[in-house]
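**Student:** Quick check, what structure comes out for this input:
(chains A and B)
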Protein chains: 2
Amino acid sequence: MTTTLERYLDERRRLVEQALARLFPVRRGFREAVRYSLLAGGKRIRPILTLAAGEVLGMAPRVTMPFACAVEMIHSYSLVHDDLPAMDDDDVRRGRPSNHKVYGEGTAILVGDALLTEAFGVMARGRGVAPARVVAAIEILARGAGEMGMVGGQALDLAAEGATPTLAAVRGIHARKTGALLRAAVCVGAIVGGARPAALARLTAYGESLGLAFQIADDIIDALQDGGGDGRTDAALEKATYPGALGMDGACAHARRARDRALRAVAPLGPKAGMLAAIATHVVDRAEAAVRQASRNG
Amino acid sequence: MTTTLERYLDERRRLVEQALARLFPVRRGFREAVRYSLLAGGKRIRPILTLAAGEVLGMAPRVTMPFACAVEMIHSYSLVHDDLPAMDDDDVRRGRPSNHKVYGEGTAILVGDALLTEAFGVMARGRGVAPARVVAAIEILARGAGEMGMVGGQALDLAAEGATPTLAAVRGIHARKTGALLRAAVCVGAIVGGARPAALARLTAYGESLGLAFQIADDIIDALQDGGGDGRTDAALEKATYPGALGMDGACAHARRARDRALRAVAPLGPKAGMLAAIATHVVDRAEAAVRQASRNG
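**Tutor:** Numbering: from 1, shown residues only, chains lettered A, B, ... in the order given. Take a look at the predicted model:
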């Protein structure tokens, strides 16, 4: 049976796919390399969060869409750069050769640069949104993606490789590497939707806790795929992860607490925030289901 | 004797240096790698053009400064990424080891990403400028730096390496790789200064022609440093350059025509555009002096 959430995610994902494809129409050469990574599928959870946060304020997805696309373009650029040999050196992304394996490292660097630059251009060209809101959205997204956010987290991660992670180190790295962009995705939707300070604070708190739940869930699922199921394999320890620092049960408990904080943050916003609540629940349910499955198999 | 132009360039350069250093105060770790490239000196011609264009409209450098800094941050990121082994593979930049030689390729990629992201954040945090102007400045800078501008030009250059350049190919590549950001630097200052359509069109035309003059002058000086003075060395041919396509005399004549178009564009703006005119003249004078010097030596 398809749930309301699944239907919502699926519909919004299709809208995002269409909008992204329209931003970069087919053209040969460099554009092809950009499209290869940007239109490679994925759950599109970040732009959906932007749309959903806007919808809490009554803003139509059509108006929020350029901002949602910008969030996804920044996510996509970060994947292209992270896969480079000098970074995580991943040959495969979403079941296909990563961008630099197909187009070469130089082009992959430029694809990331183009997606990052155009993300800001797309927001600046957003129509039907007051300029003051556009500026605030750009500011919050630059902060989430920049030196104190995603890029800074990636730099910390690069510097920490090989070291044994402490929980404090894990929190610091992942809050910036993954959490900052997820939080920004929610905030951008809230700002474009014209959230007043009280609602913006609630949605920011939601984004913060959802970002944490999301990264713990991701770490859990990655650790289960990499290793034996207890999360304390060499691969998991090699990089700072929640299962690596807390063990699998501890990581699950941590994710549930983050989910509960996310739910409490948006509860006063009423039924319009129902989809945001459902997303937070879904993220943690998915990780717990993976753990149960692994323990049955192991 | 110090000319008025030299004094102006020197004073504005110091203001830019101070503002950039304030944006990234000293901190250990990743920040150090960012500062290494951003605060490595250079003529700062792009941010000075932004300030000078704003001054034509009566806008104080203090107000235009965040936008000027953003332009320089984008220029700086492009140098860090261009120097990478997968791109131009340069070990030296401004007489010092390039960023990736000091901090490693992974960090250099992230330094570029951080500078590019923060450039937009700095503009969004610019105070004392109407949000509609901030949005328009962000839009024009993203366009100049992005897929249809600088990054697109770099991608074309990467694809063209090894091929024999035609003038049309040279124009197309360099107009985007170098010209687009210089043009945007001028336009950003004009927009922040509140230029009306007629003045904006004049300043845009100036930026377009100055960008062309600048890239021809740069090619000429590079070719003289690389080779024997006739601009037709292997090194010059390896990449698409103006001396490579037109010969040294042809390139100089082309630069003079671009300078003259730049001067004609801003002449109706009166004495307030004097510095912009002097900059255009200076750029071409410098290249011609280098050619004369080389022919005396050769």
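
**Student:** So A:D88 lies in a strand, does it not?
**Tutor:** No. Secondary structure of A:D88 (DSSP: H, G, I helix; E, B strand; the rest coil): coil, not part of a strand.

**Student:** For the nearest residue to it once chain neighbours are set aside, give me phi and psi.
**Tutor:** Nearest non-adjacent residue to A:D88, counting by CB to CB, 6 or more residues apart in numbering or on different chains: A:D82, 5.1 Å away. Using the backbone N, CA and C atoms, a C-beta is placed for each residue, glycine as well. Torsion angles at A:D82 (phi, psi; degrees, to the nearest 10) stand at phi -60, psi -30.

**Student:** right, and A:D82 touches A:Q154 too?
**Tutor:** Yes. At 6.8 Å, A:D82 and A:Q154 qualify as touching, with contact defined as CB atoms under 8 Å.

**Student:** out of the two, which sits in the busier spot?
**Tutor:** A:Q154 (26 against 21; other CB atoms under 10 Å in any protein chain shown).

**Student:** is the strand or helix carrying the more buried one anywhere near chain B?
**Tutor:** Assigned by DSSP states H and E, A:Q154 belongs to helix A:150-160. Yes. Contact of helix A:150-160 with chain B (CB under 8 Å from any CB of the partner chain) involves A:151-152, A:154-156, A:158-159.

**Student:** List buried residues within those.
**Tutor:** Neighbour counting by 16 or more other CB atoms under 10 Å in any protein chain shown classes A:151-152, A:154-156, A:158 among those as buried.

**Student:** which one of these sits closest to A:T178?
**Tutor:** Within those, the smallest distance to A:T178 is 9.8 Å, found for A:Q154 (CB to CB).

**Student:** Give me the buried positions along stretch A:188-199.
**Tutor:** In stretch A:188-199, counting by 16+ other CB under 10 Å, buried: A:188-195, A:199.

**Student:** for stretch A:52-67, which positions count as buried?
**Tutor:** A:52-57, A:59, A:61, A:63-67.

**Student:** Briefly note if stretch A:24-36 comes near chain B.
**Tutor:** Yes. Using CB under 8 Å from any CB, stretch A:24-36 reaches chain B at A:29-31, A:34.

**Student:** In terms of secondary structure, what does the helix or strand where A:T50 lies contact?
**Tutor:** Applying DSSP H and E as the criterion places A:T50 in helix A:45-56. When contacts are defined as 3 or more CB pairs under 8 Å, 6 or more residues apart in numbering or on different chains; DSSP states H and E, helix A:45-56 sits against helix A:4-23, helix A:61-82, helix A:180-192, helix A:197-226, helix A:274-297.

**Student:** could you dump that helix to PDB, C-alpha only?
**Tutor:** Extracted as PDB, the C-alpha positions of helix A:45-56 are listed here (Å, rounded to 0.1, in the frame of the first residue of the first chain):
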ATOM      1  CA  ILE A  45      15.200  14.700  -0.300                       C
ATOM      2  CA  ARG A  46      16.900  18.100   0.100                       C
ATOM      3  CA  PRO A  47      14.900  20.000  -2.500                       C
ATOM      4  CA  ILE A  48      11.700  18.200  -1.200                       C
ATOM      5  CA  LEU A  49      12.500  19.600   2.200                       C
ATOM      6  CA  THR A  50      12.700  23.100   0.800                       C
ATOM      7  CA  LEU A  51       9.400  22.600  -1.000                       C
ATOM      8  CA  ALA A  52       7.800  21.100   2.100                       C
ATOM      9  CA  ALA A  53       9.000  23.900   4.400                       C
ATOM     10  CA  GLY A  54       7.600  26.500   1.900                       C
ATOM     11  CA  GLU A  55       4.300  24.600   1.900                       C
ATOM     12  CA  VAL A  56       4.100  24.900   5.700                       C
END
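
**Student:** Which residues are in contact with whichever residue of the stretch 151-298 of chain A sits closest to chain B?
**Tutor:** Nearest to chain B in the stretch 151-298 of chain A, going by CB to the nearest CB, is A:A155, at a distance of 3.9 Å. Counting by CB atoms under 8 Å, 6 or more residues apart in numbering or on different chains, A:A155 touches B:29-30, B:107, B:110, B:114.

**Student:** so can I have JSON lines of these showing secondary structure and pLDDT?
**Tutor:** What follows is these, written out as JSON lines (DSSP: H, G, I helix; E, B strand; the rest coil; pLDDT from 0 to 100):
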{"residue": "B:G29", "secondary structure": "coil", "pLDDT": "90"}
{"residue": "B:F30", "secondary structure": "helix", "pLDDT": "95"}
{"residue": "B:T107", "secondary structure": "helix", "pLDDT": "97"}
{"residue": "B:L110", "secondary structure": "helix", "pLDDT": "98"}
{"residue": "B:A114", "secondary structure": "helix", "pLDDT": "98"}
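
**Student:** Now a ChimeraX select for only the buried ones of the residues you listed.
**Tutor:** The command below creates a ChimeraX selection of those among the contacts of A:A155 that count as buried (16+ other CB under 10 Å):
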select /B:30,107,110,114
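
**Student:** Closest one to A:M87 out of the contacts of A:A155, please.
**Tutor:** B:L110 (8.1 Å).

**Student:** Tell me how far that closest one lies from chain A.
**Tutor:** Separation of B:L110 from chain A (CB to the nearest CB, to the nearest Å): 5 Å.
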